[in-house]
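Asker: got a sequence here, can you build the structure:
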Amino acid sequence: MIAYQECKLLSLKEITFHVESGELIIVVGGVGSGKTCLLMAILNEIFHVSGIRIVNGRISYTPQEAWCFNGSVKNNIVFGRDFKQSKYDSVIDICALQKDFQSFVYGDDTLIGEKGITLSGGQKARINLARAVYDDADLYIFDDPLSAVDSAVANHIFFRCIEKYLQSKTRILVTHNLQFINRADKIIVIKDGYCLAFGTPQQLRNRNIDLISVIDVKPEKSLKSEFDIRNVHTENTFENSEIKKDYNEYVDSKQEVACLGSNLLDDMTIYDFTTGRILNRFTADVGLVDQRIPFLILDLNRIIGSLIATMIITCVLSPYLTVVCLILLSIGVPMQKCYLRTCAVRWFGEYEIHMISTERVLEYTHLPSEASLFVKSDDAPKIWPSQGKLIFRHVFLSYTDSQPILKNLCFEIKGGSKIGIVGRTGAGKSSLINALFRLVEFDGLITIDGVDIKQLGLNDLRRKMSIIPQDPVTFDGTIRSNIDPYDEYTDETIWNTLHSVSLAHIFKAIPGDLSAPLYENGSNLSVGQRQLICMVRAL
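Answerer: Next up is the predicted model:
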């Protein structure tokens, strides 16, 4: 039996199976059934309550949420291991990365930014897969890597990588793509934390196990933002002339608040670059501005005040000592001149270094902002949108100064239509949504029910549309506050919506129901459940 360490609620119960060396095992189950928990148990990453777990050999693991570090694509794949060109080329081929490398400006030497922010979801998933395959392991664990790629790439990865290239290795694959089920040596069916069935595909058919009904919902997607590769952003350097004005601006005690407020309204493309730089502004730099510099100023004032007070008291209480002080002062001043210049250079040098932090903080108060949240001359009628008719006319969209991602896009969607957008990973599907929500400004015309969205305030535009993001977003708080952040709906409405996405029975089993807490980044929910939370929020 297996439980999460935080709550000790049993997540896997009475799981028993045995895997032979070289077998391909496919794990299937519905959202939140315990598939990822099973993989974590194999990796010994969650609390073990009872039973025996025996894993032999070296393990290579591909997580459901792809992880990349700030470095080149090649370094993300090789990951510090010995580089072998022939092996590397084979891995790139079987993971379908060659076309992507050809589209990158610097090929596999392209820097991908912090957490792979410049990559699409499919590209990050395949780079993670390549990193795992490049490692020479005995057991390969793949947590739904095929959900982030299109069907053609999924077939390429499964048949050429998982089935052929790793055929001599033991492989455990979580997937919702039922077309691969018959290729497995054995299948593990997980439902509500129990192993519903374990055996060969033929054995499951003999037992009349309906895998479609077991999965019972749409495949959970571990998809990410699909931004094409952009050039690495170079951090600004500051000249002495730029720093001089900061001594005056430092006196304004509202600079940190202004910096934070400015960042909340910044153009969204600012966050396409290394986010660690932004965190550094609000930690190290603001810490110097708030603590170190005031301490130096107060220390200087204290010494000057103490010296003046001492001289005044001495002159008042002992006038005769004034003559002695003048004699000592005439002797001390020439001696002091030998050391004062050196000390002054060091003191003012240290002070000026700290003022660079002020310059960095002030830089973030002058970043380009998004368009206005509210526009007085609102062209939209009171009841808008009423039909949902969408028109794109000659739309071009690009990130920073790169080549356009959307090029001369023209189409019309009638109100009430259901439209599917297809394309290879990195083709620009998510860029359509970015343009629609004006997360990135575009050239051309987009209208909704005849209203040009560029003439609307961002608040008015975005409040009228709902989105189910590829990367599920949850907030610290309760289930209710994540579903209904503005507290507009009754419990009955929320429960009915939860029933429609098959989440109601899960939350009713949690103490507190809708008032149960969600941990940071929804860590106490599976990726699929977080995706469904976003769907309920939109509905």
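
Asker: quick check, residue 209 in contact with residue 197.
Answerer: Yes: using Cβ atoms under 8 Å, residue 209 is in contact with residue 197, at 5.0 Å. For every residue, glycine as well, the C-beta is placed using N, CA and C.

Asker: give the residues shared as contacts by those two.
Answerer: Common contact partners of residue 209 and residue 197 (Cβ atoms under 8 Å, 6 or more residues apart in numbering): residue 189.

Asker: how far does the biggest helix by length in the chain sit from the chain's center?
Answerer: Longest helix of the chain, by residue count under DSSP state H: helix 319-363. Centroid separation between helix 319-363 and its chain, computed with Cα atoms, centre = their mean, to the nearest Å, is 49 Å.

Asker: avg pLDDT for the helix or strand following it?
Answerer: Downstream of helix 319-363, the next assigned helix or strand under DSSP states H and E is strand 390-397. Averaged across strand 390-397, the pLDDT comes to 89.

Asker: please renumber the chain so that the first residue is 348 from this point on.
Answerer: Done: numbering now begins at 348, and the last item shifts to strand 737-744.

Asker: direction included, what does strand 737-744 pair up with?
Answerer: With DSSP bridges as the test, strand 737-744 is paired with strand 753-760 (antiparallel), strand 790-795 (antiparallel).

Asker: buried residues in that strand?
Answerer: The neighbour-count check on strand 737-744 (16 or more other Cβ atoms under 10 Å) flags 737-739, 742, 744 as buried.

Asker: domain boundaries for the protein, per the record?
Answerer: 371-561, 622-713, 737-810, 824-885 (the TED database).

Asker: for the ones you listed, which one ends up most surrounded?
Answerer: Stretch with highest mean neighbour count among those: domain 371-561 (a mean of 18; mean count of other Cβ atoms under 10 Å).

Asker: surely residue 377 and residue 536 touch.
Answerer: No: at 10.0 Å, residue 377 and residue 536 do not qualify as touching, with contact defined as Cβ under 8 Å.

Asker: quick revisit: save the domains of the chain as JSON lines, and put in distance to residue 818 too.
Answerer: Below are these laid out as JSON lines (distance: least, Cβ to Cβ, whole Å):
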{"stretch": "domain 371-561", "distance to residue 818": "8"}
{"stretch": "domain 622-713", "distance to residue 818": "14"}
{"stretch": "domain 737-810", "distance to residue 818": "10"}
{"stretch": "domain 824-885", "distance to residue 818": "9"}
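
Asker: out of these, the one nearest residue 720 is which?
Answerer: domain 737-810 (4.3 Å; Cβ to Cβ).

Asker: mind checking the end-to-end distance for the closest one?
Answerer: The stretch domain 737-810 measures 17 Å between its terminal residues, going by Cα to Cα, to the nearest Å.

Asker: if I look at the spatially most central residue of the chain, how far off is residue 413?
Answerer: Closest to where the C-alpha atoms of the chain average out (Cα atoms, centre = their mean) is residue 462, at 6.9 Å. Counting by Cβ to Cβ, to the nearest Å, the gap from residue 462 to residue 413 is 9 Å.

Asker: farthest from the middle of the protein: give me that residue.
Answerer: Max radial position in the chain (Cα atoms, centre = their mean) goes to residue 667, at 73.2 Å.

Asker: quick one, what contacts that one?
Answerer: Per Cβ under 8 Å, 6+ apart, neighbours of residue 667: none.

Asker: okay, it: pLDDT?
Answerer: 77.

Asker: got it, and residue 713?
Answerer: pLDDT, read off for residue 713, is 68.

Asker: what's near enough to touch residue 819?
Answerer: Contacts of residue 819 (Cβ under 8 Å, 6+ apart): 869, 874, 877-878, 880-881.

Asker: Three-state assignment for it, please.
Answerer: Here residue 819 is recorded as coil under DSSP: H, G, I helix; E, B strand; the rest coil.

Asker: that one: what's its closest spatial neighbour, skipping adjacent residues?
Answerer: residue 877 (3.7 Å; Cβ to Cβ, 6 or more residues apart in numbering).

Asker: ok so that neighbour is a helix residue?
Answerer: Yes: Residue 877: assigned to a helix according to three-state DSSP.
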